[in-house]
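Undergrad: Prediction below, plus the sequence it came from.
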Amino acid sequence: MSSTPPFRNTFDSSYRSTDNPLGLVRLVVGSIALVGTVLALLLAVLEHEPRALELVGALWAVYGLVVGFVSGVLEPVIDGFFELLANAGLVRVGEGYSGIETLVARGHLEAAAEAYAERARNHAERAEATLRRAALLAGPLAQPEMAAVELDSLRSYPLSKRDDFRVGLALVELYEHHLGDPGRAMTELRRLIDRYPTAGDARRLRAALAELKAQRYGRQQSPP
């Protein structure tokens, strides 16, 4: 496996802000479809009404449309709106993190790390600043253990889907390439795959997990 993780720079939309209410919509619609299916089957069997089976197809077609609309349209739009509100007016145009990056470029690493920590105290910047600080800790400052602790602690705060995904990927890279703990890297990969099975790079995550398993346990030999 190359030194650059195949899942780096993976992007996904924000999650936590709308997961519960929209997940409830999916649950309710699915429950209605399931109950309707049971009733339709009972009607078809007990009343010898085969046309009741047409209701089953209609129910699940509606379920598919609702889930597709919620997951593919409504959820990204709402999450994007909330993320826009969270970041609106946060940073002046052209400023960003350039000042801290200048400190890094000049070799003032401790000062840059402290500056990132200061920015992370703002809840709207917490995820981005902590991720940048963790990269600095794990790399030039050679403190990967502290980076892992801070990233893991970040999950005690509400995170967007995008930020949760980025934190997970950062932890995978830390465990695999800086802490020499492929077991925890695999655990984190499984968490990401289970939580975001439809993410755009889910296939690459599964490939990375399979590669880690092969490295740790060895590739199984094919029977002769």
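TA: Yep, that arrived.

Undergrad: Can you name the residues in contact with stretch 188-195?
TA: With CB atoms under 8 Å, 6 or more residues apart in numbering as the test, stretch 188-195 has contacts from 7, 164-165, 168-169, 171-172, 175, 199, 202, 205-206, 208-209, 212. Backbone N, C-alpha and C define where each C-beta goes, glycine included.

Undergrad: do that again at 6 Å, thanks
TA: 168, 171-172, 205, 209 (CB atoms under 6 Å, 6 or more residues apart in numbering).

Undergrad: Can you tell me the SS state at L209?
TA: Following DSSP: H, G, I helix; E, B strand; the rest coil, L209 is assigned to helix.

Undergrad: how about it, what does it touch?
TA: Neighbouring residues of L209 by CB under 6 Å, 6+ apart: 186, 189.

Undergrad: so A111 makes contact with L103?
TA: Yes. Taking CB atoms under 6 Å as the definition, A111 is a contact partner of L103 at 5.2 Å.

Undergrad: And the lowest mean pLDDT element among the helices and strands of this structure?
TA: helix 75-87 (a mean of 60; mean pLDDT, DSSP states H and E).

Undergrad: What are the buried residues along the next helix or strand after that helix?
TA: Per DSSP states H and E, the first helix or strand lying C-terminal to helix 75-87 is helix 98-105. Neighbour counts over helix 98-105 (16 or more other CB atoms under 10 Å) mark 100, 103-104 as buried.

Undergrad: now stretch 32-39
TA: Buried residues in stretch 32-39, counted by 16+ other CB under 10 Å: 33, 36-37.

Undergrad: tally of neighbours for L154?
TA: L154 has 20 neighbours, counted by other CB atoms under 10 Å.

Undergrad: Relative to D194, how far out is the closest residue to H178 other than its chain neighbours?
TA: Nearest non-adjacent residue to H178, counting by CB to CB, 6 or more residues apart in numbering: P144, 3.7 Å away. For P144, the distance to D194 equals 25 Å [CB to CB, to the nearest Å].

Undergrad: Give me the more crowded residue out of the two.
TA: P144 (20 against 8).

Undergrad: Now do the same contact list for the more buried one.
TA: Counting by CB under 6 Å, 6+ apart, P144 makes contact with 138, 174, 178-179.

Undergrad: so what's A170 scoring on pLDDT?
TA: Per-residue confidence for A170 comes out at a pLDDT of 92.

Undergrad: For S156, see how far away it is.
TA: From A170 to S156 the distance is 16 Å (CB to CB).

Undergrad: Work out for me the element the residue sitting nearest the centre point of the chain sits within.
TA: Central residue of the chain (CA atoms, centre = their mean): F165, 2.8 Å from the mean position. Here F165, judged by DSSP H and E, is contained in helix 161-173.
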